[in-house]
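Student: quick check, what structure comes out for this input:
(one chain, ligands or ions: 1)
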Amino acid sequence: MITLDLVEKRFGAVPVLGPMRLCVARGEVLGISGASGAGKSTLLRILAGLDGRFEGELSAPGRRAMVFQSPTLMPWRTVLDNVTIPTGVSEASAREMLARVGLGGLEGRWPGQISLGQARRVAIARAFVGAPEMLILDEPFASLDAERIEDLLALTAELIAEIRPAVVLASHAEAELARLATRRARLEGRPARLVAH
Ligand SMILES: Nc1ncnc2c1ncn2[C@@H]1O[C@H](COP(=O)(O)OP(=O)(O)OP(=O)(O)O)[C@@H](O)[C@H]1O
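Tutor: The predicted structure is shown next:
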């Protein structure tokens, strides 16, 4: 279970997020929408434990994974190492998950030698391979064409159903939110509040 009781998040003197309470249980997917600059990434970074500079309280499971807008692979490591090194999983588990996401045979490639869609699959393999209790998805399918997004959405939905982390997904894309979210909310106003959708 993820529970956030937020009083306020500011950048300097500017309050960006206002009071909100958010609870997400394992197996749930909370889909968050909101205009550009509304504060989605800021909220997700707090939930992921990447930004502790806020007023309020966060309670979140220990086994966490995050997929960002850009796949954030280490360019000097192979695809396989990009899964094993950050997660500490065995090579066999990483190979199995890479095959699962359709990247069997590409384990030895460098990130510069794969497409953006394939890099996103590596990021998804890396996120799920450690069976996270909590998963934060920040526009994980941005800038892919419709067909590739459909494949990745199906794969992500399948892995979520199997591993059942508590998931928070931020996206501008209605189709992604409609497909994956079990519950929806929208960030509105400045400082932003979370409004049920
Ligand atoms: N490190 C920072 N310092 C100062 N202001 C910041 C910082 N990071 C974000 N902001 C501001 O906080 C607000 C929320 O930004 P955030 O990136 O969370 O929005 P977002 O909803 O994720 O936007 P987008 O959909 O465009 O990615 C914006 O006004 C942004 O300019």
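Student: list the buried ones in stretch 3-17?
Tutor: By 16 or more other C-beta atoms under 10 Å, the buried positions in stretch 3-17 come out as 4, 6, 9, 16-17. Using the backbone N, CA and C atoms, a C-beta is placed for each residue, glycine as well.
Student: stretch 72-86 too?
Tutor: In stretch 72-86, counting by 16+ other C-beta under 10 Å, buried: 73, 78-84, 86.
Student: just to revisit the earlier point, among the buried residues of stretch 3-17, which are in reach of the ligand?
Tutor: Under the cut-off given by C-beta under 6 Å from any ligand atom, the ligand has Val16 from the buried residues of stretch 3-17 close to it.
Student: biggest separation within the buried residues of stretch 3-17, which pair?
Tutor: Comparing every pair within the buried residues of stretch 3-17 by C-beta to C-beta identifies Leu4 and Val16 as the most remote, at 14.5 Å.
Student: list the contacts of Thr78.
Tutor: 107-110 (C-beta atoms under 8 Å, 6 or more residues apart in numbering).
Student: and this protein, which residues reach the ligand?
Tutor: Residues of the chain lying near the ligand (C-beta under 6 Å from any ligand atom): 11, 16, 34, 36-42.
Student: and the helix or strand of the chain with the lowest mean pLDDT, what does it pack onto?
Tutor: In the chain, the helix or strand scored least confidently by mean pLDDT, DSSP states H and E is helix 146-163, which has a mean of 90. In terms of contacts (3 or more C-beta pairs under 8 Å, 6 or more residues apart in numbering; DSSP states H and E), helix 146-163 is packed against helix 116-128, helix 174-180.
Student: Thr182 against Val29, yeah?
Tutor: Yes. With contacts counted by C-beta atoms under 8 Å, Thr182 reaches Val29, the gap being 4.9 Å.
Student: more crowded one of these two?
Tutor: Taking other C-beta atoms under 10 Å, Thr182 and Val29 do not tie; Val29 has more neighbours (22 against 13).
Student: from Arg193, how far out is the residue most central in space within the chain?
Tutor: In the chain, the residue lying closest to the centroid (C-alpha atoms, centre = their mean) is Leu137, at 1.7 Å. Look at Leu137 and Arg193: by C-beta to C-beta, to the nearest Å, they are 21 Å apart.
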